[in-house]
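**Student:** Sequence first, predicted model second:
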Amino acid sequence: MTRMHTGFTGLVQHDWPRPRGWMPPHRLDVLDVATLPGVGATLAKRLRTFGIQSVRDLLFHAPRRYESAVDTVPIAKLGQAEGEVAIEGRIVSARSRPLPGRRTLVTAIVRDDAGQISASFFNQPWLLEKLTPGTPLRLRGRLGKFGFDVKSYDIGEARRTADHAPVYPASEQIPSTRLRELVRAALAQHAASFSDPLPAELELPLRRDALAAIHFPADEWQAEEARQRLALDELVALQLVVARLRDTEAVAPSLSKPGALIGRYREVLPFRLTEYQESAIAEIDVELARTTPMQRLLQGDVGSGKTVVALYALLRAVENDRQGALMAPTETLAEQHFLTLEPLCAQLGVRCVLLTGSVGSKKIRDEIANGVAQIAVGTHALIQRDVEFADLGVAVVDEQHRFGVEQRKALAEGRSPHVLHMTATPIPRTLALTIYGDLSVSEIAKPPADRKPIITGRVGAERAGEAYERLRTHLDAGRQAYVVCPLIELSETRLARAAEAEAERLRRAELKGYRVGLLHGKLKTAERREVMRQFKEGELDVLVATTVIEVGVDVPNATIMIVQEADRFGLAQLHQLRGRVGRGAEQSYCLLVSRPVDELSETADKRLQALVDTTDGFELAQIDLDLRREGQLLGTRQSGWSDLQFTRLRVDHALIERARELAAELCDEDGPWQDEADRMLSGTESGAAA
């Protein structure tokens, strides 16, 4: 590995031939991981739960971190060592035996010049054939009750990596040690197939060297250099895809300055807009006056008042004799938006309609097509082929990260409206630039001044009774409450409580005598609306629900929420759920019920503690980026396996800018980098279709 070349000059325009032996990325994508030695049907199935289906997936499964170096000590002096250490020696003998619970224990006698010890390898039966007498090895771990408990290792004459062993996103069934062995085998067989997609004159380290170093670095510096090399590849490919999707020739209607309709809108609002809302509106007005279609991201924390700004933008279209459309990812959210917008529109004499998969007659479609419907609120049903707009001027896409790029693009296809993307999941500015290129960003940094920060607490499952005691206190004071459960029906394979069973149990136990309602996604539209009406109008005391209430539900009298099995939710999701309380002037609370701390993973513990420590959605968004991968930026998924495996958006600002410049140089030229973009885009389309 050589140090990353940090600058580059303009590239000469010419066709770039594929290097000798170049294998298109999709060929590597279909090389099944089951072709690796030791990977049978069971292990292949387990690997798929991590998104690892091909050899490429495995090699691009980036380490989460690396073990820091430890001292090497003679075996005879292990009793004097504290904490983790490393030992070196040769195998004397090895054997394997089963343990209760379908586990295995491999033990090996290891000898150095000063002594010998028994080393234990848990749940790694495949190692037995490698631990032959005389084989050299280096082990990292600590002295245990029955010998040396091995944490990481190097067997044979391979590069010494136990000191900086990679730690992968893993599970009990597929530990990091197993993933290391698979990666080592994949590198030996296929690393040379990963030719470099970027021009050689950039003087970058070879990609195959970077792949070897990212998984088995000699030191931390080498690991970071390898990460940057691989991050640049994926960032350039991402920028090339974004460039392909951007329509540079579209012309939008230039909207005149705000008029009488906007004046009446401000008058009917029961509150004054905050300075942050006014600032966002001013930025929107500037872009609506242009003929270049607005592409602006409006982001703000839960309860900050984004919907008021969105309706402002839609009404700006209406007063210019054009239509507005608001697209939401779920029927529940679309219905909530409609119930919020329609009364205000009615006061202003503006026709507002709802169109979803289960709500929307031919009459509604005709009204949209002939312009009678001035504002249409709906789900992805708005972008179906049988829906035509008379003259769409402004489109708002809410919770935009839940739609793939292609879905967002479809709303504007054949038209050139101004588009306002809206999210309550704050996205760092760097991430917004990465995904959308030149997208402008408006932020509503703070909620209205009368909102008090929600007090959040953690409660062990064994103390859940105390949480319900607190909840009953709120109910007795005339307030309302939410209880959130992760599932809606019983499952023998998962521990999560089902909302239906929990609602029934609560009616008989902790909430006996109170009016308890149930809301989940499998209810019919009419049933869901009726439950929400009852809760909003105070006919229900408690709403037991799944994550369908994550966004769009606004009941100011609800002042406490209990989230069951909170450790099973993501950080952004928990923050969204918490935002259902604290909508009024009263102090509100959120109680996170989970397994005991000693049973939680490190990541789950940090997620829950972050919720307790802050209510700032922007701070939580940054923490979330640290705790998980960046998310699939181009498709519909937002957590789990990512387009960006090696990029760290919080620290790679310079690298992102360099990738943007490189992509601008290369976007009109044919070369291997276009193959990388093809691969990324094909993954997007399959992801969006899933």
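**Tutor:** Sure thing, it's come through. Bear in mind the structure is a predicted one, so any value in this text is a computation, not a measurement.

**Student:** Show me which helix runs longest in the chain.
**Tutor:** Scanning the chain for the helix with the most residues, using DSSP state H, yields helix 220-245.

**Student:** how distant is that one from the center of its chain?
**Tutor:** Computed by CA atoms, centre = their mean, to the nearest Å, the chain-centroid distance of helix 220-245 equals 19 Å.

**Student:** What's the first helix or strand after it?
**Tutor:** helix 260-268 (DSSP states H and E).

**Student:** who's in contact with the next helix-or-strand element following that following helix?
**Tutor:** Counting by DSSP H and E, the element after helix 260-268 in chain order, helix or strand, is helix 275-288. Helix 275-288 is contacted from outside by 254-255, 257-258, 273, 294, 296, 298, 300, 304-305, 308-309, 312-313, 316, 394, 418, 420, 440, 442-446, using CB atoms under 8 Å, 6 or more residues apart in numbering. All C-beta atoms are positioned from the backbone trio N, CA, C, and that covers glycine.

**Student:** Go again with 7 Å.
**Tutor:** The list of residues contacting helix 275-288 from outside it, by CB atoms under 7 Å, 6 or more residues apart in numbering, reads 255, 258, 294, 296, 298, 305, 308-309, 312-313, 316, 418, 420, 442, 444-446.

**Student:** In strands, which of the residues you listed appear?
**Tutor:** 296, 298, 418, 420, 442, 444 (DSSP state E).

**Student:** farthest-separated two in these?
**Tutor:** 418 and 444 (18.7 Å; CB to CB).

**Student:** who's more crowded, those two?
**Tutor:** Counted by other CB atoms under 10 Å, residue 418 and residue 444 do not tie: residue 418 has more neighbours, with 30 against 22.

**Student:** Could you pull up the residues touching the more buried one?
**Tutor:** With CB under 7 Å, 6+ apart, residue 418 has these contacts: 252, 287, 288, 293, 294, 393, 394.

**Student:** could you dump those to JSON lines with distance to residue 681 and neighbour count?
**Tutor:** Listed next are those as JSON lines, based on distance: CB to CB, whole Å; neighbours: other CB atoms under 10 Å:
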{"residue": "252", "distance to residue 681": "25", "neighbour count": "22"}
{"residue": "287", "distance to residue 681": "28", "neighbour count": "19"}
{"residue": "288", "distance to residue 681": "31", "neighbour count": "24"}
{"residue": "293", "distance to residue 681": "22", "neighbour count": "19"}
{"residue": "294", "distance to residue 681": "25", "neighbour count": "23"}
{"residue": "393", "distance to residue 681": "30", "neighbour count": "25"}
{"residue": "394", "distance to residue 681": "28", "neighbour count": "30"}
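
**Student:** Quickly name whichever of the residues you listed is closest to residue 240.
**Tutor:** Residue 240 has its nearest neighbour among those in residue 293, at 21.4 Å by CB to CB.

**Student:** And the closest residue to the closest one other than its chain neighbours, how close does it get to residue 292?
**Tutor:** For residue 293, ignoring the flanking residues on the chain, the nearest one in space by CB to CB, 6 or more residues apart in numbering is residue 252 at 4.0 Å. Residue 252 is 7 Å from residue 292, where distance means CB to CB, to the nearest Å.

**Student:** and the host helix or strand of residue 212 with helix 220-245, angle?
**Tutor:** According to DSSP H and E, residue 212 maps onto helix 207-215. Relative orientation of helix 207-215 and helix 220-245, computed by axes from the mean of the first three to the mean of the last three CA atoms, to 10 degrees: 120 degrees.

**Student:** Of all the residues in helix 207-215, which ones are buried?
**Tutor:** 207, 208, 209, 210, 211, 212, 213, 214, 215 (16 or more other CB atoms under 10 Å).

**Student:** Residue 311 - how many residues pack around it?
**Tutor:** Neighbourhood size, residue 311 [other CB under 10 Å]: 24.

**Student:** Assign the spatially closest residue to it that is not a sequence neighbour to helix, strand or coil.
**Tutor:** Spatial nearest neighbour of residue 311, chain neighbours left out: residue 341 (5.7 Å); criterion: CB to CB, 6+ apart. Following DSSP: H, G, I helix; E, B strand; the rest coil, residue 341 is assigned to helix.

**Student:** next one: the one 5 residues further on
**Tutor:** Under the three-state scheme (three-state DSSP), residue 346 adopts helix.

**Student:** measure the residue nearest to it when sequence neighbours are not counted to residue 311 for me?
**Tutor:** Nearest residue to residue 346, sequence neighbours excluded (CB to CB, 6+ apart): residue 352, at 7.5 Å. Going from residue 352 to residue 311 by CB to CB gives 9 Å.

**Student:** residues touching residue 166, list them.
**Tutor:** Residue 166 makes contact with 63, 66, 176, 180, 215, according to CB under 7 Å, 6+ apart.

**Student:** Same list, those, but as JSON lines with secondary structure and pLDDT please.
**Tutor:** Shown next, in JSON lines, are the contacts of residue 166 (DSSP: H, G, I helix; E, B strand; the rest coil; pLDDT from 0 to 100):
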{"residue": "63", "secondary structure": "coil", "pLDDT": "87"}
{"residue": "66", "secondary structure": "strand", "pLDDT": "85"}
{"residue": "176", "secondary structure": "helix", "pLDDT": "77"}
{"residue": "180", "secondary structure": "helix", "pLDDT": "83"}
{"residue": "215", "secondary structure": "helix", "pLDDT": "90"}
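
**Student:** Name the member of the residues you listed that has the highest neighbour count.
**Tutor:** Of all the contacts of residue 166, residue 215 has the most neighbours under the rule other CB under 10 Å, reaching 25 neighbours.

**Student:** contacting residues for that one?
**Tutor:** Contacts of residue 215 by CB under 7 Å, 6+ apart are 63, 166, 183, 187.

**Student:** how about a cut-off of 10 Å?
**Tutor:** Contact analysis of residue 215 by CB atoms under 10 Å, 6 or more residues apart in numbering lists 58-59, 61-63, 161, 165-166, 168, 179-180, 183-184, 186-187, 191, 223, 226.

**Student:** Restricted to strands, list the residues you listed.
**Tutor:** residue 166.

**Student:** buried subset of the contacts of residue 215?
**Tutor:** 58-59, 61-63, 161, 165-166, 168, 179-180, 183-184, 186-187, 191, 223, 226.
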